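*Asks:* need a structure here:
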Amino acid sequence: MSQSSKILELLKDGQKHHVGEILDFAYGSDRFSAANLTGRISELRRKGYKIECTPDEKFHSQSWYRLLGKEDSPQMSDWKRTKIAPRIVHHLDLNTRNNDIANLHLCQDRREHNRLHYSLELTAAKLFRRGVIKFKDSQYTDN
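*Replies:* Have a look, this model is predicted:
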């Protein structure tokens, strides 16, 4: 079994896996470089697999990987970008590094994306008027 196949087998559970765990599983040791893993991940992406990479919060040179799906599968077909109608992704929690599918909304166009941000501002204003959100030390806060 090739290293790419082994990596795919590990990632198929949909959970996040640390770079060391993946290297150990695919190569039998975590002493191989992350460059080896990056090459295999790129190979899988070229084959149509959607793989999320999240930097480790403590060790920024290391990452977590998670398989989101395959581009020709039904759940991924809505997420494919086309040359005819490019779409904009809205991050529900406003964290552009959080690419979890549950945190993403695919907008039809920039206008819809702008409406989403405007509706968020209106909701925040209502919460401010209710006292849920406060303005303190030149910033908004919820405590």
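*Asks:* Give me the neighbour count for the closest residue to Lys6 other than its chain neighbours.
*Replies:* Counting by C-beta to C-beta, 6 or more residues apart in numbering, Ala26 is the residue found nearest to Lys6 once chain neighbours are left out, at 4.2 Å. For the C-beta atoms, the positions are set from N, CA and C on the backbone; glycine is no exception. A total of 23 residues lie near Ala26 under the criterion other C-beta atoms under 10 Å.
*Asks:* Which is the succeeding secondary structure element to the helix or strand containing Ala26?
*Replies:* Assigning secondary structure by DSSP states H and E places Ala26 in helix 19-27. Under the assignment DSSP H and E, the closest C-terminal helix or strand after helix 19-27 is helix 34-46.
*Asks:* just checking, the residue nearest to Lys6 touches Gln3?
*Replies:* Yes. Ala26 lies in contact with Gln3 (C-beta atoms under 8 Å); the separation is 4.5 Å.
*Asks:* gap between the residue nearest in space to the middle of the chain and Arg130?
*Replies:* Compute the mean C-alpha point of the chain, and by C-alpha atoms, centre = their mean the closest residue is Asn99, 2.0 Å away. Here Asn99 is placed at a distance of 32 Å from Arg130 (C-beta to C-beta, to the nearest Å).
*Asks:* Equivalent analysis for Ala102, please.
*Replies:* 27 Å.
*Asks:* Next: Ser138.
*Replies:* Distance from Ser138 to Arg130, by C-beta to C-beta: 21 Å.
*Asks:* For the two, indicate the residue with more neighbours.
*Replies:* Each of Ser138 and Arg130 has its neighbours counted (other C-beta under 10 Å); Arg130 has more, 8 against 5.
*Asks:* mind checking the backbone torsions on that one?
*Replies:* phi -80, psi -10 (degrees, to the nearest 10).
*Asks:* Fine by me, we can end here.
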